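Asks: A predicted structure for the sequence below; I have some questions about it.
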Amino acid sequence: MIVGYDGSRQAAKALSSLALSGLGTDRPIYVVSCHTNSIDAVADCEVACRYLGRHGLAATVCPEYSGGDPAQILLDCCRQYEAGLLVVGAFGHSTLRELLFGSTTRQILRELPLPLLLDG
């Protein structure tokens, strides 16, 4: 299972939904955070892993630090870790920004070949 976490309100809601769902008890959880620097990527991953740990779920920190597209990074991680589920927050930007620049959520919805837990 891959959890995409960026510290946003939407990502926190998705993380909470996962913790309450019981879905993470029988499979490995990899927390992925996409940033341009390693300090922020690791910090976000650690916050999410501590939260999951308080709910009895073990998770692995998987920071991704590059200038790459977050949707593509998450999709690549799903393939790399042979994930059966992706957990992400939905639509973290304004409607205008999403219309002009696209949306990570929309790209994931178009391209993801596995189940998705989406909360926002």
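Replies: Looks like it arrived, so ask away. Numbering: from 1, shown residues only.

Asks: only C-alpha atoms for contact and neighbour calcs from this point on.
Replies: Will do.

Asks: quick check, G7 in a helix?
Replies: No. Checked against DSSP: H, G, I helix; E, B strand; the rest coil, G7 lies outside a helix; its state is coil.

Asks: contacts only, for it.
Replies: Neighbouring residues of G7 by CA atoms under 8 Å, 6 or more residues apart in numbering: D44.

Asks: ok, now how distant is it from E111?
Replies: G7 sits at a distance of 23 Å from E111 (criterion: CA to CA, to the nearest Å).

Asks: need the single longest helix in this structure, by residues.
Replies: In the chain, taking DSSP state H as the definition, the longest helix is helix 38-54.

Asks: going toward the C-terminus from the worst-scoring helix or strand of the chain on mean pLDDT, what's the next helix or strand?
Replies: Lowest by mean pLDDT, DSSP states H and E among the helices and strands of the chain is helix 95-101, with a mean of 40. Of the helices and strands lying after helix 95-101 in sequence (DSSP states H and E), the nearest is helix 104-111.
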